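Asks: Structure for this input, please:
(chains A, B and C, ligands or ions: 1)
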Amino acid sequence: MTEYLIKNGFVFDPVLKLKGEKADVAIRDGKIVETTEVKKPKVIDASGMTVMAGGVEIHAHIAGPKVNSGRIFRPEDKLFNTVPVKKNMRAQGGFSIPTTYKTGYAYAQLGYTTAMEAAMPPLFARHVHEEMRDTPILDEGAYPVFGNNWFVLEYIKNREVENTAAYIAWLLRATKGYAVKSVNPGGTEAWGWGLNCLQVNDPVPYFDVTPDEITRGLIEANEYLGLPHSLHIHGNNLGNPGNYTTTLDTLKAASGQKAKNKFGRETILHHTHVQFHSYGGDKWANFESKAREIIDYINKHKNITADVGFVTLDETTTMTADGPFEYHLSQLNHLKWVNADVELETAAGVVPYVYSPDIFVCGVQWAIGLEIALLAKDPMRVFISTDHPNAGPFTRYPRILKWLMSAKAREEQIKAFKQSDKVVNSSEIAGIDRELDLYEVAAMTRAGPAKCLGLSHLYGSLKPGVDGDVAVYDFNPEKEHTPDQIEKAFSSVKYLFKRGEKIIDNHEIVSHGNKRTLWVDVKVNENLQVMRDIQEKFMKYYTVTLGNYEVHGRHFIPNPFALEVDATR
Amino acid sequence: MTKTVTDVICPFCGTLCDDIEVVLSDDGKKILEVVNACAIGAQKFHHAMAEDRPKKPRMKQPDGTYKEVSYDEAVEYTAQMLANAKKPLLYGWSSTSCEADSIGNEITELCGGCVDNTAAVCHGTTLIALQDVGVPSCTLGEVRNRADRIIYWGCNPAHAHPRHMSRYSIFPRGFFTGKGSQSRKVIVVDPRVTDTAKLADYHYQVEQGRDYELLQAFRTALKGEWLPDTVAGIPKEKIYEGAEVMKSGRFGIIFFGMGVTQSLSKNHNIDAAICLTKELNTYTKFTIMPMRGHYNVTGHGEVLGWQYGFPYSVDISRGYARYNPGDTSTIDLLLRGEVDAFFSIATDPGAHFPIDAVRRISELPSVAVDPFITPTTEVSKLHVPVAFVGIEVGGNAYRMDNVPIDCRKVIDPPEGVLTDEQFLERVLKRIRELKGVK
Amino acid sequence: MSTVTLVAKAKPQLFLEMESVTPDAFAGKKASDIAELPVYEGNTTLRLADFFEVRGDGGTTAADTKIVIKGDATRLKYVGMRMTAGEIEVEGSIDQYVGAWMEGGRIHVHGNTDAFTGVGMKGGEILIDGNAGNYLGAAYRGDWRGMQGGRIHVKGNAGSDIGYYMNGGTIVVEGDVDVHVGSHMDGGRIVIKGNAKSKVGGQMVTGEIFILGTLEVMMPGFIYRKDVDIEVEGVNGKFALFEGDTAERHPKKKGQTVYGRLYLKV
Ligand SMILES: [Zn+2]
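Replies: Predicted coordinates:
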């Protein structure tokens, strides 16, 4: 493999504590190495440019059944939004729900080299894997959803942590999944009857267990197994005025518990897209930001991480395993609605949404996202996301950086709101003058997510020994920039390396790389009880046989990369 | 000793039963018995054993007879035809694997052609409707475990999807439906007294072509609004009563078929049925699902979906994907004279298309890929026989509720016969050479 | 106004995609530059000059550019697509997508148009002396924002699905129409001077449909309100006013539910 030496760039790396110092980065055999270890490298002149590790996406909806439902039911999302076949590139299309090829290229162009699909319905795991296979360049993993799974509900109700853990281990293997995801715990099962669990103590119909118990039970099982990532939760009551108290209740489930794993992860609960969960008021008319209440709690509790879910003020497509939420949303905006309940496991909904700068609530949602990031004290625990495509497409990350790095850019946007005064009065965004620097950005987009995912041995920094994932931006941090120059510079990397291979050369995609599928292979003690339960549920309630459930084979996972965990006792 | 293969997936209809057991001869070469499958499914497996299956590609001669050619010649003819056309149409894909579908899409993209599946003549209208109003649906296991209101509208599963009612809808005992059929009310809407209609608690004999009016009338009735005395030949009292039956359940589902997707109003029928389902969710839980025909027509739509963003009738002639049935749909492309080469695989347009469209195929350079001799192969210039997907080669398929199931190989194909994937891979490779791309 | 005349001189084997034929694209160009504009036949890119003789230069702006198409235009698609100003005159019949997503200006077709005429139209005017095909002034697939404004006038008959998801503007058909008129309509006005079959105003939210001829079957969700004397498109008369579609959700204005209005000539 070609050796590379990326010379003279301004390097930002929270792991190496490099805050824009000029340094060289060397790559050999797919890994970052000491600069003395390359013999005849190809030299990339990065002088006057910004160098970071490849970006790590911790939460996006980019592959699988609900993403594809979004694509299929929105032909208008592709209208005048396509890119024809080019050299080294397949055809691309779609704005809010890009095709798989566009997804891979677009992330790469932003300097990202790894992405996690945030919600995989286990029964549809094959579909998720087929789409990941067709998403070039990126290493990807997917989080199977557990928070409404009948096995989990029953084991947790009976306080059987070993059984919960054994089932998780079995399902991660069957689906080739990466982490334990929980979406609207209990509420989505209730949606099977058209109901919901809005508060953490609302019992799940028939199963007689509460969202709070589910969350605590899943954290306990996750740490019992010592998985790379923590429990990844989308709490109850998403999107409703006044929901911040529910969010605080959800976060409390983590209190007093400690991380146990060999992957360097120090946190035990990741709350995703907290922007959607930080709402005050009790109706849309008095809707207001409670970002401070939420981020203060996260700042104080070092065992919690979060990603933001920034609203980008675009027309987009919402999609989540929170089935009742999407129904509720379709009743509010009267647009088309897809719902897909999945036997014994989960559900999903998809609804288009227009975040209009003319609408007061959308303006406040925009402010809340930025407040969370700007009030965060530890950028290694609060990450950048748009909950793609829910709050906006990930392709808007450069615009978010512009808002985070420039108070002037925020001021301009506030002025552009139709109900500017109302937005300012219902949030504290106008009073925040903090501007993030690239060191903090590197933490929020690379080092932080990698650590939280238990992947800091592979990604997130430029420390010798990790993968050769490097992004070089044509951005000189020592110079002054207008807001739009910031957005432009981070929209298209000059160079990108993935596992030591050059993917982007002078802004052009030159290779599809050799992407891997990340999954977690957990060994547990033999558990006859759980195996009997699995056999029984497949016999009686599933409509596929147990023999046809597990995903395997090159068609689905051409290039697997398993993180091994030994949880036998 | 015979050998039994279990968990076999039936490559017939969109029900995609995956509990078939196939008994093989000692040498594993012959299918002796097929257990659990419906009559049509079992016949599919036995059909693979037919002695008279062609084992070599056949090229049509000027005098109308066929001459056996090698696979190399077949690859060359196909690649040349596709690479040289200004707008080739690659149609079918519904009875083969997603693996093959994916290669086919890449060929289409590389050649600048159009790609379409059999939805174009069955549930394409359903897809149009769900693009307009969405679709609240679920997996079949949800129906089995929860549903107490089952509606079959414009479809006759007793004949077209024989195990549908017993595996998923009317009869099974699920988690919350321990009493099986006793806990369920069944409504059938069909102008004819079908075998399915005979099982129904309520049969609505709608006037031909008036499903749209009846569906809208159910929606009106749900809201308690005024109705004329009869709609679509049904007295209004019956309509109010039906609306009440739907509302009063705990979990309902509407299954619908070609009786509404291809009769007058087409997508509008489905649109109204979906809107009815949506509104029922203000009273209870309700879902709706198309009775997809070919076992993997759903799968080809999914693959097209993630690769191009549209589920059928995709025009990639200009290097990017466009979609608009009426323009980019197969029958329109053929009848309007928009395409200059026709490739069909894993379906039989010769048997299902309007006669003018079939005539048009016969006038074009054409290739048909199919394990057997069919009406389509007989109007095509080249017939390429292949292995039977789901029996002689495995591969992924999507059930009518979008659940992906990996089909199994049960026996070897006849010696020397390629699979769809192998043939397509070779065509793709040759086209790359012809176009000078890597 | 400068006129650019395109005289058909060769027939394509398949169809030609001609979205480059708009006053916007021609403005500021000499005839020789216009002749070099791309047209597409399937996967092949050709020049306008390969099929047309180009006479005359474009005006300085779209607004002062007129395009005249002479000869057989029945295999031309997308003419006038997304145009914002100026004029196009087609002396014969033309194929699909004439004036699709048009924003302004005027198109006059002397013969017939095929499907998707004025699809997704935002403004401007389309006049068709002959018949129009299906999906006249309809929304693009999946879009809940159909025709927003402008005017389409058909002197002959029109096909099915006219004014699908219409939100504004006017469609006038002097002849007869096929099924599904103004489905999901939410604003705008459709006037049918001839006869309609059935499925008129199905799932209509707001807006107006006038039928001056006969209607074979009324949708069940329309309720007769009263007879009214009005003038529409130069015709005075008594109309029976129906409101619907009651199956659909309707907005409220000042406490009153607003319905779609269907006027039948008495
Ligand atoms: Zn999410």
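Asks: residues in contact with the closest residue to chain A within the stretch 301-438 of chain B?
Replies: Proximity of the stretch 301-438 of chain B to chain A (C-beta to the nearest C-beta) peaks at B:G319, 3.2 Å away. Glycine gets a C-beta too; all of them are placed from N, C-alpha and C. Contact partners of B:G319, counting by C-beta atoms under 8 Å, 6 or more residues apart in numbering or on different chains, are A:84-85, A:91, B:109, B:112, C:43.
Asks: likewise B:I128?
Replies: Going by C-beta under 8 Å, 6+ apart, B:I128 touches B:266-267, B:270, B:325, C:141.
Asks: Now do the contacts for residue 250.
Replies: No chain specified, so I'll use chain A. A:T250 is in contact with A:200, A:211-212, A:215, A:233, A:235-236, A:271, A:277, counting by C-beta under 8 Å, 6+ apart.
Asks: My question was about chain C, not that one.
Replies: Neighbouring residues of C:H250 by C-beta under 8 Å, 6+ apart: C:205-206, C:257-259.
Asks: try 6 Å this time
Replies: Contact analysis of C:H250 by C-beta atoms under 6 Å, 6 or more residues apart in numbering or on different chains lists C:257-259.
Asks: State the distance from the residue of the stretch 51-200 of chain C found nearest chain B to A:L436.
Replies: Nearest residue of the stretch 51-200 of chain C to chain B (C-beta to the nearest C-beta) works out as C:G142 at 3.7 Å. Shown here: C:G142 relative to A:L436, a distance of 38 Å by C-beta to C-beta, to the nearest Å.
Asks: neighbour count winner among those two?
Replies: C:G142 (25 against 19; other C-beta atoms under 10 Å in any protein chain shown).
Asks: returning to what we had before: just the ones of the contacts of A:T250 in strands?
Replies: A:233, A:271 (DSSP state E).
Asks: So which of the contacts of A:T250 are in helices?
Replies: A:211-212, A:215 (DSSP state H).
Asks: any low-confidence regions in the stretch 301-450 of chain A?
Replies: Along the stretch 301-450 of chain A, the model assigns pLDDT under 70 to no residue.
Asks: Closest to A:R126 out of the contacts of B:I128?
Replies: B:I270 (26.9 Å; C-beta to C-beta).
Asks: List phi and psi for the residue lying closest to the closest one once chain neighbours are set aside.
Replies: Counting by C-beta to C-beta, 6 or more residues apart in numbering or on different chains, the nearest residue to B:I270 once its immediate chain neighbours are dropped is B:A129, at 3.7 Å. Here is the backbone geometry of B:A129 (degrees, to the nearest 10): phi -60, psi -40.
Asks: OK, contacts around B:I239?
Replies: B:217, B:221.
Asks: just checking, next helix/strand downstream of the helix or strand containing it?
Replies: Element membership for B:I239, per DSSP states H and E: helix B:236-247. Per DSSP H and E, helix B:236-247 leads on to strand B:251-256 as the next helix or strand towards the C-terminus.
Asks: if I look at C:A27, how far off is C:G169?
Replies: 25 Å.
Asks: higher neighbour count, those two?
Replies: C:G169 (24 against 20).
Asks: Surely the more buried one is in contact with C:G149?
Replies: Yes - here C:G169 reaches C:G149: they are 4.4 Å apart, a contact under C-beta atoms under 6 Å.
Asks: State the number of residues packed around whichever residue of chain A sits closest to chain B.
Replies: Proximity of chain A to chain B (C-beta to the nearest C-beta) peaks at A:E343, 2.7 Å away. Residue neighbour count, defined by other C-beta under 10 Å, stands at 27 for A:E343.
Asks: Kindly report the same for A:A108.
Replies: The burial count for A:A108: 26, using other C-beta under 10 Å.
Asks: isn't it right up against A:I137?
Replies: Yes - using C-beta under 6 Å, A:A108 is in contact with A:I137, at 4.8 Å.
Asks: Residues that sit against both of these two, list them.
Replies: The contact lists of A:A108 and A:I137 share A:I503, where a contact means C-beta under 6 Å, 6+ apart.
Asks: Check the nearest residue to B:I361 once chain neighbours are set aside and give its pLDDT.
Replies: Among residues not flanking B:I361 along the chain, B:F342 sits closest, at 5.1 Å (C-beta to C-beta, 6+ apart). The score at B:F342 is 98. That number is its pLDDT.
Asks: cool, B:T65 as well?
Replies: At B:T65, pLDDT is 93.
Asks: And it, its phi and psi?
Replies: The phi and psi values for B:T65, taken as degrees, to the nearest 10, are phi -80, psi 170.
Asks: That one: how many residues sit nearby?
Replies: B:T65: 9 neighbours (other C-beta under 10 Å).
Asks: Between the ones in helices among the contacts of A:T250, which sits nearest B:Y204?
Replies: Nearest to B:Y204, judged by C-beta to C-beta, of those is A:P211 at 42.0 Å.
Asks: pretty sure the closest one contacts A:C197?
Replies: Yes - counting by C-beta under 6 Å, A:C197 is a contact partner of A:P211 at 5.3 Å.
Asks: more neighbours, these two?
Replies: A:P211 (31 against 26).
Asks: gap between that one and A:Y155?
Replies: A:P211 is 16 Å from A:Y155, by C-beta to C-beta.
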